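K.L.:
would you be able to build a 3D model of this:
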Amino acid sequence: MLPLLGLSERLHPECDVAFVSNPDKPWAGIPSHEQVRRAWNVVNAELLTEFEKLSWSDWVQRHSAVSGEDFSKDASRNRFSILLSRANHLSHHLGQAVLGLK
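P.N.:
Model prediction:
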């Protein structure tokens, strides 16, 4: 989210192989639970730090995956919509985790 929102560079690109390029395939190099938790905490701390710097008007600016032309056609393609969609995506996976316990 950091580069998508134009806040900073990616913090853990080494996780791409396991979670982006091959998300549903067995792979011997999957990071350990502890490594993932540490990376998660670092990224979330950086997000919170950067979010606290944003004004309300910053949230309604376009994100980096939309062109200026497309943004002018649809201003809802903004930083805040990215935050909402990612939070919704996370809630989906949390629901899967809860159901997986049963």
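
K.L.:
for the chain, give me the ranges with low pLDDT.
P.N.:
27-28 (pLDDT under 70).

K.L.:
how far away from the center of its chain is the biggest helix by length in it?
P.N.:
Ranked by residue count, the top helix of the chain under DSSP state H comes out as helix 79-101. Put simply, helix 79-101 sits 11 Å off its chain's centre (Cα atoms, centre = their mean, to the nearest Å).

K.L.:
contacting residues around it?
P.N.:
1, 4, 5, 6, 54, 58, 59, 60, 61, 62, 63 (Cβ atoms under 8 Å, 6 or more residues apart in numbering). In this view, the C-beta of every residue, glycine as well, is placed from N, C-alpha and C.

K.L.:
if any of those are buried, give me the ChimeraX selection for them.
P.N.:
Selecting only the buried entries of those in ChimeraX, with 16 or more other Cβ atoms under 10 Å as the criterion:
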select :1,5,62,63
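
K.L.:
farthest-separated two in the contacts of helix 79-101?
P.N.:
1 and 60 (16.5 Å; Cβ to Cβ).
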